[in-house]
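Peer 1: could you look at this predicted model? Sequence included:
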Amino acid sequence: MRIGNTIVSAVALYNDGLWGLSITYRVLFVAWRIAELSFIAIRFLFLRAPILLLWTRLPVTKNITLPGRYQTLQDILDPVREAKLNIAGGRTGQMPFLDAYKSPEDVGKQQEFLRP
Amino acid sequence: MGGIIRGLVTELGSVFIKFSQIMGMRPELPPFIREELTQVQDKMPGMPEAQVRSTLEKELMKPVEELFEWIDYKPVAAASLAVVHHAKLRDGREVALRVQRPFLPGIVALDTIIVLRILLGGLRLLLPQIRKTDLTFFTLSFEGCIRREIDFDLEGHVQERCWQAMQASQQTADYMVIAQVYLEYTSNKLLTMEFIPNLMRVDELFEKCTPDELWALLTT
């Protein structure tokens, strides 16, 4: 490797401490992100999902649309929307009976996707 | 149960949504898991107005008022990686602004490590169906795909080349619509392109209109 007019060996540039610091830095970030994702998962499973499951099923609240992020989750957990996804032995947006296809010709003969 | 899995993936964010959509197509997975994963949608809520403004100003290096006549801060579409807003440039052109969500490159870098090395490793131990599968190619292609997908500058240049090719061929111009990219307003985190009215309603219009009517709605 050339630095300015001097040729330096890559081995001479290696610093155990710096390498260790770089690894520690990455490990800390990944650990922080795992903790954050675990918190998001626990919050959803034990707080948001039960509340939204009740909200979308109670006669008083099921027709009230929630704001922001909750609206997306409300759509996902809504039993009416869930039922609408199931048609003609498959679900919308999905290739039905995927396991039955043995060759590309089989796939070509079928309808591309189920449409609502 | 299906709703819970899909809701959880949506809450965890873009990398998990993309991962689920890809895993949903893998025949190694049991059908009941695959069925749920294919249903994961990337419909997400929009971004706050201040966030959109700050991203635009940072990427274009000018105040928003100087560049745009108006911006509709209510999103036209919002997916896992970006949000699309309708706006009008000072020169009168109506544009679609595809604004990337904040901190996405960092989140993608960390989440791909978590998803590919930790989660996929765990899944391999749990599911005998995939224990003997070599996942190296899948890991590499997933990582590469998602990194390329968040580079809007690259996407803009590719789309521009497609648009130029379409313009050159009169045959394809008769039945294809590709939005023109405005590269002078495009960066790594912002993709500015021609606004095509009714594009988000294509599915709905497809059921109601004849092909000629649909073409007229998209091109006028």
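Peer 2: Thanks, I have the structure now.

Peer 1: quick check: longest strand of chain B.
Peer 2: strand B:68-78 (DSSP state E).

Peer 1: against which helices or strands is it packed?
Peer 2: helix B:49-60, strand B:82-89 (3 or more Cβ pairs under 8 Å, 6 or more residues apart in numbering or on different chains; DSSP states H and E). Bear in mind the C-beta positions are built from the backbone N, C-alpha and C, glycine included.

Peer 1: C-alpha coordinates for that strand, PDB please?
Peer 2: Extracted in PDB, the C-alpha atoms of strand B:68-78 (Å, rounded to 0.1, in the frame of the first residue of the first chain):
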ATOM      1  CA  PHE B  68     -42.100  23.500  -5.400                       C
ATOM      2  CA  GLU B  69     -45.300  25.500  -5.900                       C
ATOM      3  CA  TRP B  70     -47.100  23.100  -3.600                       C
ATOM      4  CA  ILE B  71     -46.700  19.700  -2.000                       C
ATOM      5  CA  ASP B  72     -49.500  17.500  -0.900                       C
ATOM      6  CA  TYR B  73     -48.300  16.100   2.400                       C
ATOM      7  CA  LYS B  74     -51.100  13.500   2.500                       C
ATOM      8  CA  PRO B  75     -49.300  10.500   0.900                       C
ATOM      9  CA  VAL B  76     -50.500   9.100  -2.400                       C
ATOM     10  CA  ALA B  77     -49.000   5.700  -1.300                       C
ATOM     11  CA  ALA B  78     -47.000   4.600   1.600                       C
END
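
Peer 1: pairing partners for it, with directions?
Peer 2: Applying DSSP bridges, strand B:68-78 is found paired with strand B:82-89 (antiparallel).

Peer 1: quick check: angle from the strand it pairs with to helix B:49-60?
Peer 2: Counting by axes from the mean of the first three to the mean of the last three Cα atoms, to 10 degrees, strand B:82-89 points 70 degrees away from the direction of helix B:49-60.

Peer 1: please enumerate the strands of chain A.
Peer 2: Ranges of strands in chain A, per DSSP E, are A:2-3, A:6-7, A:86-87, A:90-91.

Peer 1: what segments of chain A are helices?
Peer 2: Under the criterion DSSP state H, helices of chain A are mapped to A:10-13, A:16-43, A:49-55, A:68-77, A:79-85, A:104-109.

Peer 1: please identify the most buried of the ones you listed.
Peer 2: The highest average neighbour count among these, using mean count of other Cβ atoms under 10 Å in any protein chain shown, belongs to helix A:68-77 at a mean of 18.
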